[in-house]
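Q: below are the sequence and a predicted model for it; my questions follow.
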Number of protein chains: 2
Amino acid sequence: MSSKAVCLLSGGLDSATALACARRDGFECYALSFDYGQRHRVELDAAARVAKALGAARHLVIPVELRAFGGSALTADIPVPKNRSAEEMERGIPITYVPARNTVFLSYALAWAETLEASDIFIGVNAIDYSGYPDCRPEYIEAFERMANLATRVGVEGRTRIKIHTPLMRLTKAEIVKLGRDLGVDFSLTWSCYDPGAGNTPCGACDSCLLRRKGFEEAGVTDPLASLP
Amino acid sequence: MSSKAVCLLSGGLDSATALACARRDGFECYALSFDYGQRHRVELDAAARVAKALGAARHLVIPVELRAFGGSALTADIPVPKNRSAEEMERGIPITYVPARNTVFLSYALAWAETLEASDIFIGVNAIDYSGYPDCRPEYIEAFERMANLATRVGVEGRTRIKIHTPLMRLTKAEIVKLGRDLGVDFSLTWSCYDPGAGNTPCGACDSCLLRRKGFEEAGVTDPLASLP
């Protein structure tokens, strides 16, 4: 019997590739997505398609009330920045940052892992081609893992250790595209744009669209979504 | 202007006393409660009463979907254990443990703290007279605090540090009762029972009722809820 892993799945190309890594590593995958009032809720449909295509054992979408706190362009009525340069992305934490989002998401993953008696959690964070969010850095993930092992039955009863897997942490976006392709991820099922227009077309100008385009271009791979009308 | 603090508030006597400590320390308090499908939802009414009585600047109740994962007598259809001895409580993690609950709750507190630009969070955990939950221990809280400082804008921009305050950590239940009394907590507004009967009367036999009774008895204080019909 294969081991179980909880895999955070936004529906974007990174989390889809991270899920494909978990499958490659032989895990039975429990995919977990969140409806947190994001303006790009269309990504949840992508997550469902990706979970199915990659053979997840189960896919849960959990409602998470982060809007009550406000403070992010992804959940409040604040414009999403467009056409930022790589230098601008490196310069600080953008307004699309959702306060403590990955901490909240990983906490739910930890809760599910405990009830599944799983000790492995996959998350597609990346510290190379990213938007400058603090909760994507390796030192953050290591601190979460340490905390998780003190938070739970596992930590007290000590049969095994919780491990947070970040298979994309040190990859460029181009390397992620190539890895996803090699693992059979169907990129046409994924969704990246933070600010979809009418008819759910990618805006092409938010950080997420720009990073995706850069990744595909540098990998020399055609993005199936780029050919959308 | 006083500093802001986010205060986790279940509505029980511990969290009420922790909130009173935050008020004593001069904080403007943002009280945070969770509707997580607990069978003792009546505690949310207690939380609202306590927040008001102690002068919280705001009180939010956030819905948290933990039932989807199952695994606890507090959220699933599993009987709450009754009349356990102190030795039994010390012996392991009981079925009333909700997987990763404090981690999920503290993560939301962290999200709210970030949007409030608060760097202080209060939680009424206690490692002396407690039910044996792993996420009540000092080493867990320290690990969460460390993680929180890497997770957030604060951690990256470094203006200040997130501090998790646990004013009750080293107190016996009797000491908590005395402290709450001295700080003016109206215990008649609080709620502790995990398994309220018809008409919302405390069962008197769950861990939480037993610990509460022990605390009041040892403090030589009368519990106003004990005189309920």
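A: Arrived safely, thanks for sending. Numbers count the residues shown, from 1 in each chain, chains lettered A, B, ... in the order given.
Q: going forward, measure contacts and count neighbours with C-alpha atoms only.
A: Will do.
Q: CA atoms of the longest helix along chain A as PDB?
A: Longest helix of chain A, by residue count under DSSP state H: helix A:101-116. In PDB, the C-alpha atoms belonging to helix A:101-116 read as follows (Å, rounded to 0.1, in the frame of the first residue of the first chain):
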ATOM      1  CA  ARG A 101      -2.100  32.600   3.400                       C
ATOM      2  CA  ASN A 102       0.300  29.700   3.100                       C
ATOM      3  CA  THR A 103       0.300  29.400   6.900                       C
ATOM      4  CA  VAL A 104      -3.400  29.000   7.000                       C
ATOM      5  CA  PHE A 105      -3.400  26.600   4.000                       C
ATOM      6  CA  LEU A 106      -0.600  24.500   5.500                       C
ATOM      7  CA  SER A 107      -2.400  24.400   8.800                       C
ATOM      8  CA  TYR A 108      -5.400  22.900   7.100                       C
ATOM      9  CA  ALA A 109      -3.200  20.400   5.200                       C
ATOM     10  CA  LEU A 110      -1.700  19.500   8.600                       C
ATOM     11  CA  ALA A 111      -5.200  18.900  10.000                       C
ATOM     12  CA  TRP A 112      -6.100  16.600   7.100                       C
ATOM     13  CA  ALA A 113      -2.800  14.800   7.300                       C
ATOM     14  CA  GLU A 114      -3.400  14.000  10.900                       C
ATOM     15  CA  THR A 115      -6.800  12.500  10.300                       C
ATOM     16  CA  LEU A 116      -5.500  10.600   7.300                       C
END
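Q: what about residue A:50, helix or strand, and which?
A: helix A:42-53 (DSSP states H and E).
Q: list the buried residues of that helix.
A: Using 16 or more other CA atoms under 10 Å in any protein chain shown as the test for burial, helix A:42-53 gives A:42-44, A:46-51.
Q: can you pull out the strands in chain A?
A: Secondary structure of chain A (DSSP state E): strands at A:4-8, A:28-35, A:58-63, A:120-122, A:163-165.
Q: can you tell which of those is closest to chain B?
A: With CA to the nearest CA, the closest approach to chain B among these belongs to strand A:58-63: 6.6 Å.
Q: CA atoms only: put that closest one into CSV for me.
A: Provided in CSV are the C-alpha atoms of strand A:58-63 (Å, rounded to 0.1, in the frame of the first residue of the first chain):
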residue,chain,number,x,y,z
ARG,A,58,-9.5,12.6,-3.4
HIS,A,59,-9.9,16.4,-3.9
LEU,A,60,-11.4,18.7,-1.2
VAL,A,61,-12.2,22.3,-1.6
ILE,A,62,-12.4,24.0,1.8
PRO,A,63,-14.0,27.4,2.3
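Q: now do the helices in chain A.
A: A:13-24, A:42-53, A:86-90, A:101-116, A:138-151, A:153-157, A:173-182, A:207-219.
Q: output those helices as a markdown table; include the columns distance to chain B and mean pLDDT.
A: Output for the helices of chain A, formatted as a markdown table (distance: least, CA to the nearest CA, whole Å; pLDDT from 0 to 100):
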| stretch | distance to chain B | mean pLDDT |
| --- | --- | --- |
| helix A:13-24 | 19 | 97 |
| helix A:42-53 | 17 | 95 |
| helix A:86-90 | 12 | 70 |
| helix A:101-116 | 5 | 92 |
| helix A:138-151 | 5 | 94 |
| helix A:153-157 | 6 | 66 |
| helix A:173-182 | 22 | 97 |
| helix A:207-219 | 18 | 92 |
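Q: return the most buried member of those.
A: With neighbours defined as mean count of other CA atoms under 10 Å in any protein chain shown, these peak in mean count at helix A:13-24, which reaches a mean of 25.
Q: tell me what it is packed against?
A: Applying 3 or more CA pairs under 8 Å, 6 or more residues apart in numbering or on different chains; DSSP states H and E, one finds that helix A:13-24 contacts strand A:4-8, strand A:28-35, helix A:42-53, strand A:120-122, helix A:173-182.
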